[in-house]
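*Asks:* need a structure here:
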Amino acid sequence: MRLRKALFCLLILLSLPLQAVVVEDLHRALVPVDDHSQRELSRATRAGLAQVFVKMSGSPQVLENPLLQTSLDSASSYMQRYRYLRPDADSLQLQVHFDPELVNTLLLEARAPLWTANRPPLLVWLVVDDGSERRFATAESDPAVFEQLALELERRGVPAVYPLYDLQDTLALDVHRLWRMDELAIFGASERYGVANVLAGRLTVLPGERWMGDWTYLSSQDSATGSFYGEAAPVFTARAVDFVADRMAERYAVAAGASTGQEVLVRVDAVADFGQYQAVLRLFEEIELIDDAWPAYLEGESVVFRLSAQAEPEQLDRIVSLNRRLERLESATPLRRGPINLDLVYRWNP
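*Replies:* Just a heads-up that it's a prediction; the model follows:
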């Protein structure tokens with residue numbers, strides 16, 4: 001077992017390039033409501049802001065922060081707009097958008113963790129046994145499960161991709177091996193998607209409308225498992241997503257505000273023209289933990305940027321390195337006249 005896990009982690013580290021996508025609507029929340037009353041609006045706005053705090057920080061424990069607890073009492077002051085949605089005749093929801101600048105500032109002041117919008121995607125494999133057959137679950141075969149899964153992933157701000165389940169997938173990982181949660185087979189089938197975070201789940205439909213499920217989370221760091229037994233598949237999806245989101249945030253979230261105004265010198269090589277320079281600068285400016293970025297030195301195709309950041313260099317690197325266009329260089333030829341004591345060095349891959 002130790003050899004197997006070691007081989008698994010080694011294969012991931014050698015084969016899976018990290019990538020990130022920019023998650024939209026991190027400051028948006030969706031909360032069920034009973035009616036259109038002012039009382040329900042106030043309650044749902046408070047619950048929505050709490051949901052955004054968890055989504056932005058990556059951890060439910062952020063709600064124990066005294067400053068954030070106090071801010072929940074005035075949640076409406078952070079709200080930009082809201083509207084009511086009726087997914088069906090029996091349900092009503094409040095969709096509420098909060099001011100990104102105000103929320104980010106509040107998290108920084110509270111020195112809460114911050115999981116930036118640049119997040120690695122999660123590849124989701126799912127198999128279902130309904131008593132008559134055991135099958136790969138897709139949005140077409142199990143729409144209710146996938147609809148709930150999408151809601152839970154949005155609630156935690158986790159971007160997801162799904163297998164194609166084409167011939168290449170099924171040859172690498174058939175239904176039975178997925179059902180057995182064969183980690184090496186799951187890894188082998190996942191490699192083509194170029195992700196570093198994988199969730200594999202299995203659901204069993206039991207008599208009496210009850211469900212039983214297990215999941216395995218595989219990452220470049222380790223693997224972890226969880227299980228569920230209950231009355232509804234939505235509970236399974238919620239618990240599985242929480243399980244994964246908590247562990248992803250442990251790696252990628254940064255303790256915001258711990259180094260306010262920290263100056264970080266970052267060199268980027270292979271910046272061939274002004275358009276590429278603008279692209280690098282825009283990438284830095286879009287990272288929430290970077291307050292400002294400006295060029296400090298130019299030599300050939302190398303640009304040294306001076307960043308004013310809310311995090312230490314090694315913390316920033318965990319976020320910046322999620323972008324495939326910036327390749328971290330552990331060693332690089334020194335510049336002839338530029339700064340010597342650089343914090344981070346990257347190569348731009350257009």
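
*Asks:* Could you list the low-confidence segments of the stretch 1-150 of the chain?
*Replies:* Counting by pLDDT under 70, the stretch 1-150 of the chain contains low-confidence residues at 1-19.

*Asks:* swap the cut-off to 50 and go again
*Replies:* Residue ranges of the stretch 1-150 of the chain with pLDDT under 50: 1-18.

*Asks:* All the helices of it, residue numbers only.
*Replies:* Here the stretch 1-150 of the chain has its helices, by DSSP state H, counting those that start in this stretch, at 2-15, 38-57, 66-72, 100-109, 143-156.

*Asks:* got the contact list for the shortest one?
*Replies:* Pointing back at helix 66-72 there. Applying CB atoms under 8 Å, 6 or more residues apart in numbering, the set of residues contacting helix 66-72 from outside is 46, 49, 50, 53, 62, 63, 78, 106, 107, 109, 110, 112. C-beta here means a position set from N, CA and C on the backbone, and glycine is covered the same way.

*Asks:* rewinding a little: format the helices of the stretch 1-150 of the chain as JSON lines; extra columns: distance to residue 21 and mean neighbour count.
*Replies:* Written out in JSON lines, the entries for those read as follows (distance: least, CB to CB, whole Å; neighbours: other CB atoms under 10 Å):
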{"stretch": "helix 2-15", "distance to residue 21": "19", "mean neighbour count": "12"}
{"stretch": "helix 38-57", "distance to residue 21": "15", "mean neighbour count": "20"}
{"stretch": "helix 66-72", "distance to residue 21": "27", "mean neighbour count": "15"}
{"stretch": "helix 100-109", "distance to residue 21": "18", "mean neighbour count": "17"}
{"stretch": "helix 143-156", "distance to residue 21": "12", "mean neighbour count": "18"}
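
*Asks:* Show me where the stretch 101-250 of the chain has its strands.
*Replies:* Assigned strands in the stretch 101-250 of the chain, in chain order: 113-114, 118-119, 122-129, 134-136, 160-161, 197-206, 210-219, 223-230 (criterion: DSSP state E, counting those that start in this stretch).

*Asks:* Identify, out of those strands, the most deeply packed stretch.
*Replies:* Here the criterion is mean neighbour count by mean count of other CB atoms under 10 Å, and of the strands of the stretch 101-250 of the chain the winner is strand 113-114, at a mean of 24.

*Asks:* just how off-centre is that strand within its chain?
*Replies:* Relative to the mean C-alpha coordinate of its chain, strand 113-114 is positioned 12 Å out (CA atoms, centre = their mean, to the nearest Å).

*Asks:* Give the pairing partners of it; include direction for each.
*Replies:* Paired neighbours of strand 113-114 in the sheet (DSSP bridges): strand 254-255 (antiparallel).

*Asks:* Quick check: mean pLDDT of the strand it pairs with?
*Replies:* Rounded to a whole number, the mean pLDDT of strand 254-255 is 78.

*Asks:* picking up where we left off before, same list, the helices of the stretch 1-150 of the chain, but as TSV with distance to residue 137 please.
*Replies:* Supplementary listing: those in TSV, determined by distance: least, CB to CB, whole Å:
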stretch	distance to residue 137
helix 2-15	24
helix 38-57	25
helix 66-72	36
helix 100-109	34
helix 143-156	6
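
*Asks:* Which one, of the ones you listed, ends up nearest to residue 185?
*Replies:* Residue 185 lies closest, by CB to CB, to one member of the helices of the stretch 1-150 of the chain: helix 2-15, at 10.6 Å.

*Asks:* right, and the helices of the stretch 1-150 of the chain - which one's nearest residue 173?
*Replies:* Ranking the helices of the stretch 1-150 of the chain by proximity to residue 173 (CB to CB) places helix 2-15 first, at 14.3 Å.

*Asks:* With residue 126 as the reference, name the closest of the helices of the stretch 1-150 of the chain.
*Replies:* Across the helices of the stretch 1-150 of the chain, residue 126 has its closest neighbour in helix 143-156 (7.3 Å, CB to CB).

*Asks:* Tell me which other helices or strands that closest one touches.
*Replies:* If you count contacts as 3 or more CB pairs under 8 Å, 6 or more residues apart in numbering; DSSP states H and E, helix 143-156 packs onto strand 28-32, helix 38-57, strand 122-129, strand 160-161, helix 233-252.

*Asks:* could those go into JSON lines alongside distance to residue 279?
*Replies:* Converted to JSON lines, the helices and strands packed on helix 143-156 look like this (distance: least, CB to CB, whole Å):
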{"stretch": "strand 28-32", "distance to residue 279": "27"}
{"stretch": "helix 38-57", "distance to residue 279": "26"}
{"stretch": "strand 122-129", "distance to residue 279": "26"}
{"stretch": "strand 160-161", "distance to residue 279": "24"}
{"stretch": "helix 233-252", "distance to residue 279": "22"}
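
*Asks:* Looking at the ones you listed, spot the one closest to residue 116.
*Replies:* In this view, the helices and strands packed on helix 143-156 are compared for proximity to residue 116 by CB to CB, and helix 233-252 is the closest at 7.8 Å.

*Asks:* so residue 22 makes contact with residue 117?
*Replies:* Yes: counting by CB atoms under 8 Å, residue 22 touches residue 117, with 5.2 Å between them.
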